[in-house]
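Chemist: next comes the sequence, and after it the predicted model I'd like to discuss.
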Amino acid sequence: MRVWNFAAGPAMIPLPVLERAQAELVDWRGGMSVMEVSHRGKDFVACAAQAEASLRQLLGIPDNYRVLFLQGGASGQFDAIPLNLTGPGDTVDFFNTGQWSSKAVAASKRQGPEVNVIVDEAASKYTTVPEPGSFQTTPGARYLHYTPNETIGGVEFGYVPQVDPPLVADFSSTILSRPLDVSRFGVIYGGAQKNMGPAGLVVVIVRDDLLGQARPDTPEIWNWTVQAKNDSMLNTPPTFGIYMLGLVLDWVKEQGGLPAMAARNQAKAEALYAAIDQSGFYTNPVAPNARSWMNVPFILPDPALDATFLAGAEQAGLTNLQGHRSVGGMRASIYNAMPLDGVRALIEYMTDFAADHG
Ligand code: PMP
């Protein structure tokens, strides 16, 4: 039996996608699964090209951007970004809005450039995003890195920063959740395991003019230029992940594309935040203008109730609601694949639980 899975990632995959993969698993294109065919054979090359074409169509990716299908997760890109974009003496800017931005900051420091954290939301305990226009980038900075959605804190930017240096953005937990103007960015990257399919694939979308600048000692598999020249097939790519991405993108198209995703996601998030705010029992600490549509943390009035809440939720078919191990409390991740019905079931359970324990 399928449950409502509120995991932060790997996360729910749409059931029709899983069913199609199941139907095609043993015999995809002639007696073999997609996992058993050569990545250089015509069937898989066409499959990867189709996944890229669907991504380009859905996100409106302009022709002067390359799409790379890589491995090593978003964490690998934390190091690949400075390797590909900085040289001796370069400065890079960062917004620190929580745990994932902090990890990206640490990786850039490790790789050598001068790192300026020009915005740090520590004072609010990372429950806010900076006001548009309230920050200044460093003259000559090679890029400004930020995290449009902090998966652990449940903090999301409702706007794209307007700055001079190229924007490099970790879209792991919010890509495909709403329309995006890709032309505002230098680099967009994200692990697939939330809105794009299974773990093992990371998608990097990079503007042409940012290629060709990698440091000579950059490992080839991290070198975007080398990967672009090789159509992401320098070595064996994560073939099953790319195939699944294609199926997920077909599903997103069938739902009406990103405008339809946005409408669904907004409705889900608003219903859940309203239930939290009106409960007099649960609280969400995030500033209203920075509340994530994808990850909704909430706490109970007494942590002693957490275990009872989670056990009852499991019984009601609502799973993976425990907050990140570093923060505790609860977190409901409600990515594209979570339907409004799943959120309604959660709200119903939360309402009953509050009535019983309030
Ligand atoms: N960035 C964000 C915003 C994330 O949510 C995650 C994973 N939860 C990562 C980076 C790290 O991704 P990966 O595990 O694919 O390296």
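Modeler: Right, received. Where do you want to start?

Chemist: please name the nearest non-neighbouring residue to the residue in the chain positioned nearest to the ligand.
Modeler: Taking Cβ to the nearest ligand atom, the ligand has its nearest neighbour within the chain at Gly73, 2.6 Å off. Quick note: C-beta positions are derived from backbone N, CA and C, even for glycine. With sequence-adjacent residues excluded and distances taken as Cβ to Cβ, 6 or more residues apart in numbering, Gly73 is closest to Gly191, at 4.9 Å.

Chemist: tell me the bridge partners for the one you found.
Modeler: Val202 (DSSP bridges).

Chemist: how far away is it from Asp341?
Modeler: Distance of Gly191 to Asp341, given as Cβ to Cβ, to the nearest Å: 26 Å.

Chemist: higher neighbour count, these two?
Modeler: Counting neighbours by other Cβ atoms under 10 Å for Gly191 and for Asp341 shows that Gly191 has the greater number, 28 against 10.

Chemist: ok, back up a step: how close does the residue nearest to Gly73 get to Ser173?
Modeler: 9 Å.

Chemist: ditto for Ala332
Modeler: Counting by Cβ to Cβ, the gap from Ala332 to Ser173 is 13 Å.

Chemist: same check, this time on Phe135
Modeler: 22 Å.

Chemist: ok, Met338 next?
Modeler: For Met338, the distance to Ser173 - Cβ to Cβ - is 13 Å.

Chemist: these two: which has the busier surroundings?
Modeler: Ser173 (30 against 23).

Chemist: so who does the more buried one touch?
Modeler: 8-9, 149-151, 190, 194-195, 292, 294-295, 333, 335 (Cβ atoms under 8 Å, 6 or more residues apart in numbering).

Chemist: please enumerate the strands of the stretch 251-358 of the chain.
Modeler: Assigned by DSSP state E, counting those that start in this stretch, the stretch 251-358 of the chain shows strands spanning 295-298, 318-319, 330-333.

Chemist: helices or strands up against the last one?
Modeler: If you count contacts as 3 or more Cβ pairs under 8 Å, 6 or more residues apart in numbering; DSSP states H and E, strand 330-333 packs onto strand 295-298, helix 306-315.

Chemist: can you check the first one too?
Modeler: Using 3+ Cβ pairs under 8 Å, 6+ apart as the contact criterion, the elements in contact with strand 295-298 are helix 257-279, strand 330-333.

Chemist: for the longest one, buried residues please.
Modeler: Residues of helix 257-279 classed as buried: 257-258, 261-262, 264-265, 268-269, 271-273, 275-276, 279 (neighbour count, 16 or more other Cβ atoms under 10 Å).

Chemist: between all of these, which two are separated the most?
Modeler: Gly257 and Ser279 (33.9 Å; Cβ to Cβ).

Chemist: return stretch 132-141 as CSV; C-alpha atoms alone will do.
Modeler: What follows is stretch 132-141, C-alpha atoms only, in CSV (Å, rounded to 0.1, in the frame of the first residue of the first chain):
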residue,chain,number,x,y,z
PRO,A,132,15.4,42.7,-2.1
GLY,A,133,18.0,45.4,-2.7
SER,A,134,19.2,45.4,0.9
PHE,A,135,22.6,43.9,0.0
GLN,A,136,25.7,44.9,-2.0
THR,A,137,27.9,42.6,-3.9
THR,A,138,31.7,42.9,-3.8
PRO,A,139,33.1,44.7,-6.8
GLY,A,140,34.6,42.2,-9.2
ALA,A,141,33.1,39.2,-7.4
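
Chemist: pLDDT averaged over that stretch - what is it?
Modeler: For stretch 132-141, mean pLDDT rounds to 96.

Chemist: which parts of that stretch are buried?
Modeler: Buried, per 16+ other Cβ under 10 Å, within stretch 132-141: 137, 141.

Chemist: and the nearest residue to Leu346 once chain neighbours are set aside, what does it touch?
Modeler: Once flanking residues are discounted, Leu346 sits nearest to Leu318: 5.5 Å by Cβ to Cβ, 6+ apart. Going by Cβ under 8 Å, 6+ apart, Leu318 touches 3-4, 6, 342, 345-346, 349.

Chemist: am I right that the residue nearest to Gly73 is in contact with Leu70?
Modeler: No - applying Cβ atoms under 8 Å as the test, Gly191 and Leu70 come out as separate, 10.2 Å apart.

Chemist: pLDDT wise, what is the residue nearest to Gly73 at?
Modeler: For Gly191, the predicted pLDDT is 98.

Chemist: gap between it and Glu131?
Modeler: Distance from Gly191 to Glu131, by Cβ to Cβ: 29 Å.

Chemist: which helix or strand contains Ala228?
Modeler: helix 224-229 (DSSP states H and E).

Chemist: thinking again about what came up before, output the buried residues of helix 257-279 in TSV, with distance to Ala169 and pLDDT appended to each entry.
Modeler: Compiled in TSV, the buried residues of helix 257-279 are given as follows (distance: Cβ to Cβ, whole Å; pLDDT from 0 to 100):
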residue	distance to Ala169	pLDDT
Gly257	21	98
Leu258	16	98
Met261	18	98
Ala262	17	98
Arg264	22	98
Asn265	18	98
Lys268	23	98
Ala269	20	98
Ala271	27	98
Leu272	25	98
Tyr273	24	98
Ala275	30	98
Ile276	27	98
Ser279	33	98
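
Chemist: could you pick out which of the residues you listed are near the ligand?
Modeler: Subset of the buried residues of helix 257-279 in contact with the ligand: empty, counting by Cβ under 6 Å from any ligand atom.

Chemist: between those residues, which is closest to Glu114?
Modeler: Closest to Glu114, out of all of those and judged by Cβ to Cβ, is Leu258, at 36.5 Å.
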